[in-house]
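J.: below is the sequence, then the predicted model.
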Amino acid sequence: MGSLLTPMIAQDYGAILPMRERAKVINELLEDKIEHYLPKLMSDTGIDMWVVVSREYNEDPVIKTLLPAEWLAARRRTILVFFNTGQQIETIAVARYDVGSAFKSAWDTEKQPDQWARLRELVEERNPKSIGINQSEHFGLADGIVATDKEALLEALGPKFAKRVVSAEKLAIAWLETRTAKEMAIYPHIERISHNIIAEAFSEKVITPGVTTTEDVVWFMRDKVRALGLQTWFHPTIDIQRADPERFDHLRTFSKRPDTQVIMPGDLLHCDFGITYLRLNTDQQQHAYVLSAGETDAPEFLKNALAVGNRLQDIFTNNFKEGRSGNEVLAMSRAQAIAEGITPSIYTHPIGYHGHAAGTTLGMWDFQGGVPYTGDYPLHLNTAYSIELNATVFIKEWNKEVRIMLEEEAFFDENGVRYIDGRQEQLIVVNKPFSSL
């Protein structure tokens, strides 16, 4: 993919492409996925024809992954049709114009002024056995067709073809969760950018102990993302655990934002941060330690606590197996961790086109006994996950529990689970002592 070699910024963050070059990459990835992956996905899920309908600014989450990079929204009513001929996927736009290079317009308004009538003509010509639409009770990302469009679609198709309309839930999820070889060649670079922003945020460039607040670091991250020409899909958080009597309640990071605090020597810092680039997302949580006077490294008891978090990651990812449900993996991993004396909490989600993406849910922070429906969905190969969890560790030196909260993206294929850009196995150290050359 030659366009990846034309950087706008070449610095510690790597080659971040200008918008024109990004568009080329996004469109190349889309065309490759339609041509080389969608035929199997449609065959595996038993959908002959997939109809995706959206109106401008009320887009189906799936159609936003199908539009070319130059389209920031659907136009008027955009209808995309995929038909599995048995040899290839025919891609059709029931729109006044082509939708990028992947979808050729099949609607001449002078010959047929009614868009829905033209769709029916296309369906009648192809006579599909099943017509999938994005309707799902339990997976929001696969439930994109709105009530009025569904009603109009069924009326336009008539009784014969309306009876063939089925939920495309499994196909929509498969499209969203499947990561292609070309995407996975790019993903490590995106992860590295995100990791480097965290590393800079947790450094002396940003943090002056006794002065800098947690919110200062949060807004540094937001500003850095924008300065690099990128986006974040959620507002970051920074929180602190330290040697004081206060009990750290990690649940508040889910229910409300942590209170603003001044960062001090001896603090254990934690961040939750992610970016969006080339239509792919990151979601990462790491820890840093702020050195106290006389220290040259983080204390061993915190290093050991991090190692417990790493062990929980290993237990969890070693239980990934194709066809196994998220709830099965969750139960197995929790039981094994508890048997090893670890206090686990696991809340892992798919990632890709969306931060909290479609696919198998493996626990939620408030559903440690299993997640209905989405947790019953089986694991598929060539999918990516934010391995998100925490381990509670009692620190006798602080006379309290701390929570090691970790999150890193990983890819699951026939070889098992691998971290896309590694994982945190050492604490980031802030306020390192000066050493002369």
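T.: Received, thanks.

J.: how about residues contacting the longest helix anywhere in the chain?
T.: Secondary structure of the chain per DSSP state H: the longest helix is helix 181-201. By CB atoms under 8 Å, 6 or more residues apart in numbering, the residues outside helix 181-201 that reach it are 1, 4, 12-16, 25, 28-29, 32-33, 179, 206-207, 217, 220-221, 224-225, 228, 230, 238, 271, 273-275, 277-278, 280, 282, 284, 286, 352, 384, 409, 411, 420-421, 428. To be clear about C-beta, it is placed using only N, CA and C from the backbone, and glycine gets the same treatment.

J.: pLDDT on that helix, on average?
T.: Across helix 181-201, pLDDT averages out at 97.

J.: one more: stretch 16-28?
T.: Mean per-residue pLDDT for stretch 16-28: 96.

J.: low-confidence ranges, this structure, go.
T.: Across the chain, residues meeting the criterion (pLDDT under 70) sit at 1-11, 247-257, 433-437.

J.: weed out the non-buried ones from the contacts of helix 181-201.
T.: Listed as buried from the contacts of helix 181-201 are 4, 13, 16, 25, 28-29, 33, 179, 206-207, 217, 220-221, 224-225, 228, 230, 238, 271, 273-275, 277-278, 280, 282, 284, 286, 352, 384, 409, 411, 420-421, 428; burial here means 16 or more other CB atoms under 10 Å.

J.: so which of the residues you listed are in strands?
T.: Among the buried ones among the contacts of helix 181-201, the ones falling in strands (DSSP state E) are Ile16, Ile238, Cys271, Phe273, Tyr277, Leu280, Gln284, Gln286, Ala384, Glu409, Phe411, Ile428.

J.: make a markdown table out of those residues and add distance to Pro265.
T.: Putting those into a markdown table (distance: CB to CB, whole Å) gives the following:
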| residue | distance to Pro265 |
| --- | --- |
| Ile16 | 34 |
| Ile238 | 16 |
| Cys271 | 18 |
| Phe273 | 23 |
| Tyr277 | 35 |
| Leu280 | 37 |
| Gln284 | 25 |
| Gln286 | 19 |
| Ala384 | 38 |
| Glu409 | 32 |
| Phe411 | 38 |
| Ile428 | 15 |
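
J.: pull the most distant pair out of those.
T.: The largest separation in those, counting by CB to CB, is between Ile238 and Phe411 at 27.6 Å.

J.: need the next SSE after the helix or strand where Ala335 lies, C-terminal direction.
T.: Assigned by DSSP states H and E, Ala335 belongs to helix 326-339. Moving toward the C-terminus from helix 326-339, the next helix or strand (DSSP H and E) is strand 343-346.

J.: can you list contacts of that following strand?
T.: For strand 343-346, contacts defined as CB under 8 Å, 6+ apart pick out 250, 312, 315-316, 330, 333-334, 337-338, 362-363, 365, 368, 388-393.

J.: 7 Å instead, please
T.: Under the criterion CB atoms under 7 Å, 6 or more residues apart in numbering, residues 312, 316, 330, 333-334, 337-338, 362-363, 365, 368, 389-392 lie in contact with strand 343-346.

J.: so Ile238 touches Cys271, yeah?
T.: Yes - between Ile238 and Cys271 there is a contact under CB atoms under 7 Å: 5.3 Å.

J.: shared neighbours, the two?
T.: The contact sets of Ile238 and Cys271 do not overlap (CB under 7 Å, 6+ apart).

J.: any idea how far stretch 278-292 is from the chain center?
T.: Remark: stretch 278-292 is offset 15 Å from the chain centroid, using CA atoms, centre = their mean, to the nearest Å.

J.: what of stretch 18-26?
T.: A distance of 20 Å separates the centroid of the chain from that of stretch 18-26, by CA atoms, centre = their mean.

J.: quickly list the domain ranges of this protein.
T.: Following automatic domain parsing, one gets these domains for the chain: 38-175, 179-430.

J.: save the ones you listed as JSON lines, and put in distance to Arg20 too.
T.: Formatted as JSON lines, those follow (distance: least, CB to CB, whole Å):
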{"stretch": "domain 38-175", "distance to Arg20": "9"}
{"stretch": "domain 179-430", "distance to Arg20": "12"}
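
J.: which parts of the stretch 51-200 of the chain are strands?
T.: Under the criterion DSSP state E, counting those that start in this stretch, strands of the stretch 51-200 of the chain are mapped to 77-84, 89-94, 104-105, 131-133, 165-167.

J.: ok, which of those strands comes nearest Asp114?
T.: Nearest to Asp114, of all the strands of the stretch 51-200 of the chain, is strand 89-94, at 10.6 Å by CB to CB.

J.: what helices or strands is the closest one leaning on?
T.: helix 38-45, strand 77-84, strand 104-105, helix 115-126 (3 or more CB pairs under 7 Å, 6 or more residues apart in numbering; DSSP states H and E).

J.: rerun at 6 Å
T.: In this structure, strand 89-94 packs against strand 77-84, with contacts taken as 3 or more CB pairs under 6 Å, 6 or more residues apart in numbering; DSSP states H and E.

J.: got the contact list for the strand it packs on?
T.: Strand 77-84 is touched from outside by 42, 48-55, 66, 89-95, 103, 119, 126, with contacts defined as CB atoms under 6 Å, 6 or more residues apart in numbering.

J.: can you flag the buried ones in the residues you listed?
T.: In the contacts of strand 77-84, the ones that pass as buried (16+ other CB under 10 Å) are 42, 48-55, 66, 89, 91-95, 103, 119, 126.
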